[in-house]
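# Attaching a predicted model along with its sequence, questions to come.
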Amino acid sequence: MSQLPLLTNGLADLRKQLNEHSYRYYVLDDPSLPDAEYDRLFRQLQALEAKHPELITSDSPTQRVGSTPLSDFPSINHQVPMLSLGNVFDAEGLQAFVKRVEKELTDLGRALLNEELEFCCEPKLDGLAVSLIYQNGQLVQGVTRGDGQTGEGITENLKTLRSIPLSLRSADNQSLPELLEVRGEVYMPRAAFEAMNEQARLADEKTFANPRNAAAGSLRQLDSRITATRPLEFTAYQVAQISQDFAVETHEKAMQSLKNWGFKISPDLKVVKGYSGLQNFCDALAAKRDQLPYDIDGAVLKINDLRLQAELGFRAREPRWATSFKYPAQEEITRLLDVEFQVGRTGAVTPVARLEPVQVAGVTVSNATLHNMDEIVRLEVRIGDTVIIRRAGDVIPQIVRVVLEQRPTNTQSIIMPTSCPICDSHVERAEGEAAYRCTGGLYCPAQRKEAIKHFASRKAFDIEGLGVKLIDQLVDNELVKSPADLYKLKVEQLANLERMAEKSANNLLEALEVSKKTTLARFIYALGIREVGEATAANLARYFGQLETLKQVSVEQLLDVDDVGPIVAQHIYAFFNEPHNLTTLDDLLAQGIHWPETQVRREDLPLTGQTWVLTGSMQNLTRDQAKEKLEALGAKVAGSVSKKTSQLVAGEAAGSKLTKAESLGVPVMDEQQLLELLASHTG
């Protein structure tokens, strides 16, 4: 028993450390401790409390994990009503608000004598308003706003939020108010909301329509352990009650007191004077609304002087001394008129909703994304439905919910087309993917620029002088519709393009002529077949030896190739079974593109089954050239040395790979020895 006071003090010190670190992390956004160290201290506290449950306190960090589910929430009356704010929507309304409060103050004998009235301004967070009651520094009650007079007691749920202090911070052991009521907003940051919804989609679970609904739904869980898993935050915006000894003169000072006691307050809180100050604040906040990490629907504007607030009082259900400047809504209701399908530069076929035009966030919206067919099924949306759309900043408007109770009887199902709406090629959906894709990669106009850029890239045909901007011009001027058209270009066509002249045109034509001599592996890679990179292209070339053979193989035959799984095999098979692609291949070969034919079986290649690694710089070969030649002999070229490495080629300034190879006993050769090896196999 003699050790009990020592243990109690140790636990108190540990809790104090953890609470201080939580405050710095969640409130100040200035962590002073690595996550791993925080976790270590937290586990230490858990272990001690498990041994001595009688010493657990209500403000311990371990009490944020949630508790036994409730059957319902108790109804609790607010000691001070949580009233609504009035709204203004434009400069005229804002000016009228300022004139009204100035007149009312004058009527009360509070004329300002040519001084401008001081206001405290901050963002109006789009979440759920709650009230927190602290007695002698300890959180004892948390209540939703409800109808303003009565709310729901959700104390256990609110305790799970790390930005809500379970006990008030006391600097230098200063005294704390006997009674404190803090009001604020519980909300979910946008990034956390998107991540949570993405996890729900992957798990085939219901998603939330917007961050506000997500916050409200999370707070109203009868099982607070569920609330504890949700990424909720709390920002304080008002002191509703406080012991008389701690009263201050202004709202700004009250908010600073809350910050000192451990609450997060808005970093955008600002004191301004008069109408012009209010208008400037509202305009500046609106300008950065889309860059904020959370949703807001306006600005809250309050007279800063708390004595003036008290004298002005309330009217009906709103205070006379405050208002909210509302920004255009980010959600609206409209009707889905039709769905069209667009083809992106990678071949993805995406449904796009055509809407009855409606104003959302200050912009007329007539189109919205539906993402993919899985999203259409999840939303249960049909053509003719009444829908809720959301637009936040520069984000493409999206349909977030169907108003099922307003569904007419003549709605139509949305069906993915079986052929590409642009080029009529077959549309496929790979196993495990959400997107449908057009298989006409070389032919489809929607994919044309990307296909040609890939075709001309260094690891494909390596066409010198054919850059991105020139490709854009060639496609935009309809001089090139497929890779084969590159080899049909004339000097006069090129010379007339921007930043091109006859010399540049001739240089490009010469580079095109040089590029006609290639390898089968490069040719396959240049086709841009989905998920077929350099290594897979090289494996296909080695295994099948001829393009004609590859064009006729089955999915089962493709699965016998190294690094080719079911999904990649299906992509390759679909590509070579699309007539448009075969036509483009024939056109390319007709332009004189060629490579050395080989009938050598892969298993007969001299380096088959060996893993080689290249390091250091070489004088006679580039690393890519060396890799290509080794792969042509059957070797697998890896990026790191291991026990399975068959051979290391060390050029000049070889570093850690050489050291590791020597330590593992891996054979090492220099560039000259590599050249001799290559020459011996190529004659």
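The structure has been received and is ready for your questions.
# can you map out the helices along the stretch 151-300 of the chain?
Ranges of helices in the stretch 151-300 of the chain, per DSSP state H, counting those that start in this stretch, are 155-159, 190-202, 211-219, 224-227, 251-260, 274-287.
# closest to Thr622 out of these?
helix 190-202 (41.0 Å; C-beta to C-beta). For the C-beta atoms, the positions are set from N, CA and C on the backbone; glycine is no exception.
# Downstream of the strand or helix carrying Ser324, the next helix or strand is which one?
Using DSSP states H and E, Ser324 sits within strand 322-326. Once strand 322-326 ends, the next helix or strand along the chain (criterion: DSSP H and E) is strand 331-343.
# Can you spell out which helices and strands pack onto the strand holding Ser324?
In this structure, strand 322-326 makes packing contacts with strand 86-88, strand 296-303, judged by 3 or more C-beta pairs under 8 Å, 6 or more residues apart in numbering; DSSP states H and E.
# Output the below-cut-off pLDDT ranges for the protein.
1-7, 22-39, 63-70, 111-114, 172, 316, 392-395, 598-603, 682-683 (pLDDT under 70).
# Wasn't Val613 part of a strand?
Yes. Assigned with DSSP: H, G, I helix; E, B strand; the rest coil, Val613 falls within a strand.
# Contact partners for it?
Contacts here follow C-beta atoms under 8 Å, 6 or more residues apart in numbering; on that basis Val613 touches Val637, Ala638, Gly639, Ser640, Val641, Thr645, Gln647, Leu648, Val649, Lys657, Ala661.
# try 7 Å this time
Residues in contact with Val613, defined by C-beta atoms under 7 Å, 6 or more residues apart in numbering, are Ala638, Ser640, Val641, Thr645, Leu648, Lys657.
# ok, it to Arg317 distance?
75 Å (C-beta to C-beta, to the nearest Å).
# now swap in Ile452 and tell me
Ile452 is 64 Å from Arg317, by C-beta to C-beta.
# Which of these two has more residues huddled nearby?
Neighbour tally, Ile452 and Arg317, criterion other C-beta atoms under 10 Å: the higher count belongs to Ile452, 25 against 13.
# quick one: the more buried one and Pro483 touch, right?
Yes. The criterion here is C-beta atoms under 7 Å, and Ile452 meets it with Pro483 at 5.8 Å.
# buried ones in stretch 458-468?
Neighbour counts over stretch 458-468 (16 or more other C-beta atoms under 10 Å) mark Ala460, Phe461, Asp462, Ile463, Gly465, Leu466 as buried.
# actually stretch 158-170, not the one I typed
Leu158, Lys159, Thr160, Leu161, Arg162, Ser163, Ile164, Pro165, Leu166, Ser167, Leu168, Arg169.
# Just the ones of the contacts of Val613 in strands?
Using DSSP state E, Ala638, Leu648 are the members of those that sit in strands.
# Spell out for me the PyMOL command that would select the buried members of the contacts of Val613.
If you want just the buried ones from the contacts of Val613 in PyMOL, going by 16+ other C-beta under 10 Å, the selection is:
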select buried, resi 641+645+648+657
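# Tell me the one of the contacts of Val613 nearest Ala284?
Closest to Ala284, out of all of these and judged by C-beta to C-beta, is Ser640, at 51.8 Å.
# from the buried residues of stretch 158-170, which two are the most distant?
Across those (C-beta to C-beta), the longest gap, 19.1 Å, separates Thr160 and Arg169.
# tell me which element Ala451 is part of?
Assigned by DSSP H and E, Ala451 falls within helix 448-456.
# And the next helix or strand past that helix?
Following helix 448-456 in sequence order, the next helix or strand is helix 468-476 (DSSP H and E).
# what about the residue lying closest to Thr608 once chain neighbours are set aside, neighbour count?
Leaving aside its sequence neighbours, Thr608 sits nearest to Gly634 (C-beta to C-beta, 6 or more residues apart in numbering; 3.5 Å). Gly634 has 20 neighbouring residues, counting by other C-beta under 10 Å.
# Please determine how far Gly634 is located from Gly609.
Distance of Gly634 to Gly609, computed by C-beta to C-beta: 7 Å.
# do Gly262 as well
In this structure, Gly262 lies at 65 Å from Gly609, with C-beta to C-beta as the measure.
# more neighbours, the two?
Comparing Gly262 with Gly609 by other C-beta under 10 Å, the one with more neighbours is Gly262, at 23 against 10.
# doesn't Pro165 make contact with that one?
Yes. Gly262 lies in contact with Pro165 (C-beta under 7 Å); the separation is 3.7 Å.
# how close does Glu102 sit to Tyr573?
Counting by C-beta to C-beta, the gap from Glu102 to Tyr573 is 77 Å.
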